[in-house]
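Trainee: Provided below for reference: sequence and predicted model.
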Amino acid sequence: QVSLVESGGGLVQPGGSLRLSCAISGFTLDRRAIGWFRQAPGKERERVSCMGGSGIITYPTDSVRGRFTISRDNGKNTVYLQMNNLKPEDTAVYYCATDRALWGISCPSGDYWGLGTRVTVSA
């Protein structure tokens, strides 16, 4: 059974940093696209950052470029999202997702999802 578990969320002041983790079990992350998504209250879910199976990285959300960094450790079957210079508008529940298929180009379509970790940016 495939499982994705996010962690690392919490309350942080504007300008602060957090590192989110997504631990995957049940299959190997290697060669699969992985993505971080977020959903703020009252808003639709949006793609934050993705890494394709070959390692191509995209940041579909303009507002996070230069502040967020996605990375993966295939040995640990874990993907990370380093978030720096956080802003109140980054407040959301953050989810990771991946696909069954190998070699996805960028963002996964979302065959598998975690339950999310909440990030709140507030003074």
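Mentor: Everything's here; your move.

Trainee: Show me the residue at the heart of the chain, geometrically.
Mentor: Trp36 (2.3 Å; C-alpha atoms, centre = their mean).

Trainee: Can you give me every residue that contacts that one?
Mentor: 20, 22, 47-50, 68, 70, 79, 81, 94-96 (C-beta atoms under 8 Å, 6 or more residues apart in numbering). (Glycine included, C-beta is placed from N, CA and C.)

Trainee: Now for the residues you listed, which sits with the most neighbours around it?
Mentor: For the contacts of Trp36, counting by other C-beta atoms under 10 Å, the largest number of neighbours falls to Cys96: 30 neighbours.

Trainee: re earlier: TSV please, covering the contacts of Trp36 and showing distance to Trp113 and pLDDT.
Mentor: TSV is the format used below for the contacts of Trp36 (distance: C-beta to C-beta, whole Å; pLDDT from 0 to 100):
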residue	distance to Trp113	pLDDT
Leu20	14	98
Cys22	10	98
Arg47	13	96
Val48	14	96
Ser49	16	96
Cys50	14	96
Phe68	19	97
Ile70	16	96
Val79	13	97
Leu81	15	98
Tyr94	11	98
Tyr95	6	98
Cys96	8	98
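
Trainee: thinking again about what came up before, which element is the residue nearest to the centre of the chain on?
Mentor: strand 34-39 (DSSP states H and E).

Trainee: ok, Cys22 touching Val5?
Mentor: Yes: using C-beta atoms under 8 Å, Cys22 makes contact with Val5 at a distance of 7.0 Å.

Trainee: what residues are shared contacts of these two?
Mentor: In contact with both Cys22 and Val5: Gly114, using C-beta under 8 Å, 6+ apart.
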